[in-house]
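*Asks:* Build the 3D model from these lines:
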Amino acid sequence: MTSLSVSPDIGVDDMDIPLAGNVKGRQGKRRPAVGGAADAGAPVGKKGRTADLGALKLPSHGYPTEHPFNKDGYRYILAEPDPHAPFRQEFDESNEWSGKPIPGWLYRSLCPGIVLLALHDRAPQLKISEDRLAVTGDKGYCMVRATHGVCRGSWYWEACVEELPEGAAARLGWARRVANLQAPLGYDKFGYSWRSRKGTRFHESKGKHYSNGYGEGDTLGFLVVLPESATTKYTPNTYKDRPLVKFKSHLYYEDKDNIQESLNNLKPLPGSKIYFFKNGECQGEAFVDIYEGCYYPTVSLHKNITVSVNFGPNFKYPPSAEYKYRPMSEKAEEAICEQTMADLLYLTENEGKLRLDNFNL
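*Replies:* Below is the predicted model of the structure:
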């Protein structure tokens, strides 16, 4: 697949997109994510234009159940109308844009208000629970990232192995957004993992002895330390200059991953570290001077193992006072502030161009 079609009538069958499935855990059966075409449908307003995305009904977990997956070098970011965009009212009242692409700057990426497992940023064969806090594997290794990533500071999250059938395995840790979803975590240069079997640590497909393994019932902790540097980014991408595409009545920004460019730009971040914990006990430094970038809590599974995640703020085994950290749950509110700042900067810096675009309405 090279790109998602802009056609508004494209269907899920055309995209080969399975829905989230049943996930069972120690705490009882977890139901699959609910919703579907009926929930994702949008009313059509005057002039044949789809009504505001803000009026669309989303499932309780806050993301369309039928959605495009990030794959083949493309990623899709759910968009919503930006009430602060200039000329918003003129656009809504204009007839000139009927049937034409909607300018991306009139929208903004929808920033989740809570850190969860991402429905769209995962291998499709993985089954995500309805609360988006547990995942069950399929056959070969594949993975899912969290909705939020971090590029500076010290951050922590937990995972618990709920069910571990014979022959199944997990590799858990941190990954950047370009890490291969159809591979074990630590397969490429963009991820760092800890394997259940033998406790091996992995990066760039190189496994090294680290600790004893972990298994069913164990609670694992993941701490990343990312010092600030001269090139640290303080605001995320706005995507307002990206094209908007429609899928099941929702609009998404389409962005392309440039893997080769990411590889060319890799450089170690001095002072950065990753620690892994097992049932409250630190297993020592797993990695030091990791590559600079934005890292997401990541789960990769082999066969039908089930793992639940806890992004905080209340952890079963919080690290001791010697480790200064923030729970991943705090990133949600911070991300909204950062995204708002990025959008405002874009609109301010491009005011002249947007004014010219408005004259074409």
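*Asks:* Spatially central residue for the protein, please.
*Replies:* Closest residue to the average C-alpha location of the chain: Thr147 at 3.4 Å, with Cα atoms, centre = their mean.
*Asks:* Any stretches of this structure with poor pLDDT?
*Replies:* Counting by pLDDT under 70, the chain has low-confidence residues at 1-57, 60-61, 88-99, 352, 355-361.
*Asks:* how about a cut-off of 80?
*Replies:* Within the chain, the ranges that satisfy pLDDT under 80 run 1-62, 71-72, 87-101, 351-361.
*Asks:* In it, where's the longest helix?
*Replies:* As assigned by DSSP state H, the longest helix anywhere in the chain is helix 331-349.
*Asks:* Using PDB, list the CA coordinates for it.
*Replies:* Below are the C-alpha coordinates for helix 331-349, written out as PDB (Å, rounded to 0.1, in the frame of the first residue of the first chain):
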ATOM      1  CA  LYS A 331       2.400  13.000  29.600                       C
ATOM      2  CA  ALA A 332      -1.200  13.300  28.400                       C
ATOM      3  CA  GLU A 333      -1.900  16.700  29.800                       C
ATOM      4  CA  GLU A 334       1.600  17.900  28.900                       C
ATOM      5  CA  ALA A 335       1.100  16.700  25.400                       C
ATOM      6  CA  ILE A 336      -2.100  18.700  25.000                       C
ATOM      7  CA  CYS A 337      -0.200  21.900  26.100                       C
ATOM      8  CA  GLU A 338       2.700  21.100  23.700                       C
ATOM      9  CA  GLN A 339       0.400  20.400  20.800                       C
ATOM     10  CA  THR A 340      -1.600  23.700  21.400                       C
ATOM     11  CA  MET A 341       1.700  25.600  21.400                       C
ATOM     12  CA  ALA A 342       2.900  24.000  18.200                       C
ATOM     13  CA  ASP A 343      -0.400  24.800  16.500                       C
ATOM     14  CA  LEU A 344      -0.400  28.400  17.600                       C
ATOM     15  CA  LEU A 345       3.200  28.800  16.400                       C
ATOM     16  CA  TYR A 346       2.300  27.300  13.000                       C
ATOM     17  CA  LEU A 347      -0.700  29.600  12.600                       C
ATOM     18  CA  THR A 348       1.400  32.700  13.600                       C
ATOM     19  CA  GLU A 349       4.400  31.900  11.500                       C
END
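*Asks:* so how far is it from its chain's centroid?
*Replies:* Centroid separation for helix 331-349 versus its chain: 17 Å, with Cα atoms, centre = their mean, to the nearest Å.
*Asks:* Identify each buried residue in that helix, please.
*Replies:* Lys331, Ala332, Ala335, Glu338, Gln339, Ala342, Asp343, Tyr346, Leu347 (16 or more other Cβ atoms under 10 Å). No exception for glycine: its C-beta is placed from N, CA and C like everyone else's.
*Asks:* State the distance from the last one to Gly293.
*Replies:* Distance, Leu347 to Gly293, by Cβ to Cβ, to the nearest Å: 26 Å.
*Asks:* sorry, back to before: the longest helix of the chain packs against which elements?
*Replies:* Helices and strands touching helix 331-349, by 3 or more Cβ pairs under 8 Å, 6 or more residues apart in numbering; DSSP states H and E, are strand 107-109.
*Asks:* With only the CA atoms kept, save stretch 64-77 in CSV.
*Replies:* Output in CSV follows, covering the C-alpha atoms of stretch 64-77 (Å, rounded to 0.1, in the frame of the first residue of the first chain):
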residue,chain,number,x,y,z
PRO,A,64,-12.8,5.3,15.9
THR,A,65,-13.1,1.5,16.0
GLU,A,66,-12.8,1.4,12.2
HIS,A,67,-9.6,3.3,11.3
PRO,A,68,-6.6,3.1,9.1
PHE,A,69,-3.5,1.5,10.5
ASN,A,70,0.0,2.9,10.4
LYS,A,71,1.9,0.8,7.9
ASP,A,72,4.0,0.7,4.8
GLY,A,73,5.7,3.9,5.7
TYR,A,74,2.5,5.9,6.2
ARG,A,75,0.9,7.0,9.4
TYR,A,76,-2.5,8.5,10.0
ILE,A,77,-3.3,11.0,12.7
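*Asks:* Just the buried positions in it, please.
*Replies:* Pro64, Thr65, Glu66, His67, Pro68, Phe69, Asn70, Lys71, Tyr74, Arg75, Tyr76, Ile77.
*Asks:* Give me the subset of the residues you listed that lies in strands.
*Replies:* Those of the buried residues of stretch 64-77 mapping onto strands are Tyr74, Arg75, Tyr76, Ile77, per DSSP state E.
*Asks:* Can you report how many residues lie near the nearest residue to the second one once chain neighbours are set aside?
*Replies:* Nearest in space to Arg75, with sequence neighbours left out and distances taken as Cβ to Cβ, 6 or more residues apart in numbering, is Asp255 at 5.1 Å. Burial of Asp255 is recorded as 19 neighbouring residues (other Cβ atoms under 10 Å).
*Asks:* do the same with Asn304
*Replies:* Asn304: 16 neighbours (other Cβ under 10 Å).
*Asks:* where along the stretch 1-150 of the chain do the strands fall?
*Replies:* Taking DSSP state E, counting those that start in this stretch as the criterion, the stretch 1-150 of the chain carries its strands at 23-25, 28-30, 74-81, 107-109, 117-122, 127-128, 134-136, 142-146.
*Asks:* what does the stretch 151-300 of the chain give?
*Replies:* Under DSSP E, counting those that start in this stretch, the stretch 151-300 of the chain gives strands at 153-163, 169-175, 191-195, 201-203, 206-208, 219-226, 244-247, 250-256, 273-278, 281-288, 296-302.
*Asks:* Just send those strands back as TSV, with distance to Glu351 too.
*Replies:* Listed next are these as TSV, based on distance: least, Cβ to Cβ, whole Å:
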stretch	distance to Glu351
strand 153-163	32
strand 169-175	37
strand 191-195	39
strand 201-203	44
strand 206-208	49
strand 219-226	33
strand 244-247	20
strand 250-256	21
strand 273-278	42
strand 281-288	43
strand 296-302	33
